[in-house]
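J.: Structure for the following, please:
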Amino acid sequence: MPVKAKYQFSFIDQADKQEPSHIRKLNTYDFSVKDNGRRTSEFIKKDVLENSEHLKDDSFTIRCDVVVIKDVDKGTASSFVTVPPPDMQRHFGDLLMAKEGTDVTFNVGGETFTAHRCVLAARSRVFKAELFGPMKEGSMVTAGVVHVEDMEARAFRAMLKFIYSDSEPEVDKEDYEDVMWQHLLAAADRYDLQRLKLMCEDKLCGLINVNTTTTILALAECHRCDGLKKACYGFLGAPGNLKAVAATDGFDHLIRSCPSVLKELIAMLAP
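T.: Numbering: from 1, shown residues only. From the prediction side, this is the model:
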């Protein structure tokens, strides 16, 4: 890290306790240069020192004053003003909760949700196409309500909160946490919310076990989640895990619905 400093050398007569006699005035020097701050040509010459009154009994005392200078960004120089962190996400979240200015309604699993077209379109190109683009005429709209099929209401609610806040949705850990993250991943992929999709993948990687591997692996295969697939294969490759998973009811369904998985498992286990 570059460092700038001001330095001053002076002789000190300890016996007489006299005021320092300056060799040189304060000078600014950048110690980040290649010579490491050494500028020997600027110090006092030997013959001058030998004839100086400061040399007594072949000895002398030198005092060095160094002041380190910290460069301060002009934009943050003031210590009297504190700029708070961004809070736009909180404002958008409050807007969703208050339902102020909403102009689109969704019916999902028997529940109704209201939102703002512009916000949805800005965050998802799928919503943009459905609400403003070529897909608008083909949307399942009845009496001004968009009907969303094949999705759970709780997953749609969590997805909406993410769209407005860009933060990780809260999932009840006691209510089949892995199932909820699977539904949310499918919703994220459906509406092309890549950040949310990766969040779900990351969460599901930590929820892989004997009972969940088959459904998570099938989901990863269906929604092209390479990282999640690798995590599942890593679990199955551990001693005893594949045998335990093969004994579950979901394994046969996995092989029937995703035959490519069987090929990859054989390739993984082949010597």
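J.: Which helix or which strand is home to L254?
T.: Assessed by DSSP states H and E, L254 sits inside helix 249-257.
J.: Which residues outside that helix are in contact with it?
T.: Here helix 249-257 makes contact (Cβ atoms under 8 Å, 6 or more residues apart in numbering) with T214, T215, L217, A218, V245, V261, L262. (Each C-beta comes from the backbone N, C-alpha and C, glycine too.)
J.: Please spell out which residues along the next helix-or-strand element following it are buried.
T.: Note on helix 249-257: by DSSP H and E, the next helix or strand toward the C-terminus is helix 259-269. Neighbour-count burial for helix 259-269 flags V261, L265 (criterion: 16 or more other Cβ atoms under 10 Å).
J.: what do you get for stretch 93-102?
T.: Residues of stretch 93-102 classed as buried: G93, L95, L96 (neighbour count, 16+ other Cβ under 10 Å).
J.: likewise stretch 213-227?
T.: Buried-residue list, stretch 213-227, by 16+ other Cβ under 10 Å: T213, T214, T215, I216, L217, A218, L219, A220, E221, H223, C225.
J.: So which of those residues sit within helices?
T.: Among those, the members found in helices (DSSP state H) are T213, T214, T215, I216, L217, A218, L219, A220, E221.
J.: Out of those residues, which is nearest to A270?
T.: Nearest to A270, judged by Cβ to Cβ, of those is L217 at 18.5 Å.
J.: That closest one: what's it in contact with?
T.: For L217, the contacting residues are K229, C232, L254, C258, V261, by Cβ under 8 Å, 6+ apart.
J.: Next, format those residues as CSV and append pLDDT.
T.: Putting the contacts of L217 into CSV (pLDDT from 0 to 100) gives the following:
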residue, pLDDT
K229, 94
C232, 94
L254, 91
C258, 88
V261, 86
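J.: how about those in JSON lines, adding distance to A153?
T.: Formatted as JSON lines, the contacts of L217 follow (distance: Cβ to Cβ, whole Å):
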{"residue": "K229", "distance to A153": "28"}
{"residue": "C232", "distance to A153": "28"}
{"residue": "L254", "distance to A153": "27"}
{"residue": "C258", "distance to A153": "27"}
{"residue": "V261", "distance to A153": "30"}
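J.: who wins for most neighbours among those residues?
T.: C232 (26 neighbours; other Cβ atoms under 10 Å).
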